[in-house]
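Peer 1: Below: sequence and its predicted model.
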2 protein chains.
Amino acid sequence: MESTPVKLYVDDGSQPSRACMIFCEMNNIPYEKVETRILKAQHKTEEFKKINPLGQVPVLQDGEHYFRESHAILKYLHSTRNCPDHWYPSDAIKRARVDELLDWHHCFLRQGAGNTVFKTLFGPKIGMKFSEGEIEWHKTILSYSLHMLDSKFLGNHKFLLSDELTIADLSIFCELTSLGFLSMDFSEYPNIKTWYSAIDSIEEVSKVCKPVKKFIKMFNNQLKAKI
Amino acid sequence: MESTPVKLYVDDGSQPSRACMIFCEMNNIPYEKVETRILKAQHKTEEFKKINPLGQVPVLQDGEHYFRESHAILKYLHSTRNCPDHWYPSDAIKRARVDELLDWHHCFLRQGAGNTVFKTLFGPKIGMKFSEGEIEWHKTILSYSLHMLDSKFLGNHKFLLSDELTIADLSIFCELTSLGFLSMDFSEYPNIKTWYSAIDSIEEVSKVCKPVKKFIKMFNNQLKAKI
């Protein structure tokens, strides 16, 4: 098992960045946080693209190795650090259940949530334009995903697959936190609401999410002031 | 190591279905193919939703267990059957490289390729309507993904990560096969062209892709006849 500190190139406002930081916090993995501001396009500089040609956060640096994609990073950290099995079980069937949810997160929820927030609120602020049809599609996927999460994936256990957390819980939870920008409170989705609150109240989660929550509050207040 | 035959609920026209079948063929994993026709909406019946509430193929049945999501299925098969390590290496760094590509496949290439083909060609045939803006977005992601694949991910080895195949090669290859419906031949992308041909010429790949290639040919001929 490795114990060398890692570097995480992250933005507090990025859902997958937060998932990686929470995982490190909850597993006592020492990490150096390298702030890489998306709204300042720091992830799109030539310098940054040397460590991730896709120009995306998070990036994990472990010694001379750089890793991109939060799911890949979470799995890599789990397999190289001393983390409890429940996060990404070694049992093949249980692991497949986590993988199914992570794949669903990327193919559905993230296409809906991340894109709706970015394309309706932040993209336009940095001069990006998106068509109505494109935004409508993301909203449809978001609504479908929340319905599936609430009605099919949650409700049987405290967390998604059992009464213990997995990396899928973290990834999906972090995606949903950003929906605060849309003032979404999950009151339509009772199972999401209960599950979300259970994770939200964890000390390490609160710590990592503090900056984004502050930003969400400020953002929504400004929006109200404008209306 | 298990040797019980598995069942694969698949459609020859589905990219992730083909990836699972090719993996079984190349690793001598006995499987029963259960044809589940997308264009006949056989994946949306109440019966099928009992085994996959998302109403999607492929589904893997291993004894009493059902698994959805092709990436999860490929990993599960690799960990429970007697497959060479190169497909999904046990070394943490090499495995993370495969995971990065699989995540990229879901977040980018699949959003572009699968959706462009479906929404421009097949969706409308079964009465589905999509806005121009939505389709434009998928096309943009497709074009960006092909550029990244050609210029950043390919060109250093025979396959994506080395001279041996991984499950990421299969998943990405199968996604590209469907671009035949758009008459795409990758002449703009020399690295993709070479890599694609190397996989395409493998006997087991040819066997699994035979029906979809026949369908692509027929489809494009019909289209030409109409023009």
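Peer 2: Yes, it's here.
Peer 1: count of neighbours near A:Met26?
Peer 2: Residues lying near A:Met26 (other CB atoms under 10 Å in any protein chain shown) number 18. Any C-beta I mention is one placed from the backbone N, CA and C, and that applies to glycine too.
Peer 1: and if you look at A:Gln111?
Peer 2: Residues near A:Gln111, counting by other CB under 10 Å: 22.
Peer 1: would you say it is within a helix?
Peer 2: Yes: A:Gln111 forms part of a helix when assessed by DSSP: H, G, I helix; E, B strand; the rest coil.
Peer 1: In contact with it, which residues?
Peer 2: By CB atoms under 8 Å, 6 or more residues apart in numbering or on different chains, the contact set of A:Gln111 is A:His138, A:Ile141, B:Gln111.
Peer 1: Helix or strand: which one has the first one?
Peer 2: The reference is to A:His138. Using DSSP states H and E, A:His138 falls within helix A:132-148.
Peer 1: Contacts for that helix, please.
Peer 2: A:104, A:108-109, A:111-113, A:115-116, A:119-120, A:186, A:188-189, A:192, B:53-54, B:130-137.
Peer 1: 6 Å - rerun?
Peer 2: For helix A:132-148, contacts defined as CB atoms under 6 Å, 6 or more residues apart in numbering or on different chains pick out A:108-109, A:111-113, A:115-116, A:119, A:189, B:131-134, B:137.
Peer 1: which among those end up buried?
Peer 2: A:Phe108, A:Leu109, A:Gln111, A:Gly112, A:Ala113, A:Asn115, A:Thr116, A:Lys119, A:Tyr189, B:Ser131, B:Glu134, B:Trp137 (16 or more other CB atoms under 10 Å in any protein chain shown).
Peer 1: any chance of those in JSON lines, plus distance to A:Phe215 and pLDDT?
Peer 2: Shown next, in JSON lines, are the buried ones among the contacts of helix A:132-148 (distance: CB to CB, whole Å; pLDDT from 0 to 100):
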{"residue": "A:Phe108", "distance to A:Phe215": "25", "pLDDT": "96"}
{"residue": "A:Leu109", "distance to A:Phe215": "21", "pLDDT": "97"}
{"residue": "A:Gln111", "distance to A:Phe215": "23", "pLDDT": "94"}
{"residue": "A:Gly112", "distance to A:Phe215": "21", "pLDDT": "95"}
{"residue": "A:Ala113", "distance to A:Phe215": "16", "pLDDT": "96"}
{"residue": "A:Asn115", "distance to A:Phe215": "19", "pLDDT": "91"}
{"residue": "A:Thr116", "distance to A:Phe215": "17", "pLDDT": "95"}
{"residue": "A:Lys119", "distance to A:Phe215": "18", "pLDDT": "91"}
{"residue": "A:Tyr189", "distance to A:Phe215": "23", "pLDDT": "98"}
{"residue": "B:Ser131", "distance to A:Phe215": "31", "pLDDT": "87"}
{"residue": "B:Glu134", "distance to A:Phe215": "29", "pLDDT": "86"}
{"residue": "B:Trp137", "distance to A:Phe215": "27", "pLDDT": "87"}
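Peer 1: Max pairwise distance over the contacts of helix A:132-148: which two?
Peer 2: Spatial extent of these (CB to CB) is set by the pair A:Tyr189 and B:Glu132 at 31.5 Å.
Peer 1: and the gap between A:Glu46 and chain B?
Peer 2: Using CB to the nearest CB, to the nearest Å, A:Glu46 is found at 14 Å from chain B.
Peer 1: Mind pulling up the pLDDT for that residue?
Peer 2: A:Glu46 is assigned 95 on the pLDDT scale.
Peer 1: Turn the contacts of A:Gln111 into TSV, columns for distance to B:Leu77.
Peer 2: Converted to TSV, those look like this (distance: CB to CB, whole Å):
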residue	distance to B:Leu77
A:His138	33
A:Ile141	28
B:Gln111	25
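Peer 1: distance between the ends of stretch A:145-159?
Peer 2: End-to-end span of stretch A:145-159 (CA to CA, to the nearest Å): 17 Å.
Peer 1: Let's test this: mean pLDDT of it, rounded?
Peer 2: For stretch A:145-159, the mean per-residue pLDDT is 97.
Peer 1: What residues sit buried inside that stretch?
Peer 2: Result for stretch A:145-159 [16+ other CB under 10 Å]: buried residues A:Ser145, A:Leu146, A:Met148, A:Leu149, A:Asp150, A:Phe153, A:Leu154, A:Phe159.
Peer 1: What is the neighbour count of A:Asp91?
Peer 2: Using other CB under 10 Å, A:Asp91 is surrounded by 10 other residues.
Peer 1: could you measure it against chain B, distance?
Peer 2: 10 Å.
Peer 1: residue contacts, that residue?
Peer 2: Contacts of A:Asp91 by CB under 6 Å, 6+ apart: none found.
Peer 1: ok, now the one 5 residues further on?
Peer 2: Taking CB under 6 Å, 6+ apart as the criterion, A:Ala96 is in contact with B:Phe67, B:Ala72, B:Tyr76.
Peer 1: Next, give phi and psi for A:Lys33.
Peer 2: With angles defined as degrees, to the nearest 10, A:Lys33 sits at phi -90, psi 120.
Peer 1: Report the separation between it and B:Ile73.
Peer 2: Distance from A:Lys33 to B:Ile73, counting by CB to CB, to the nearest Å: 36 Å.
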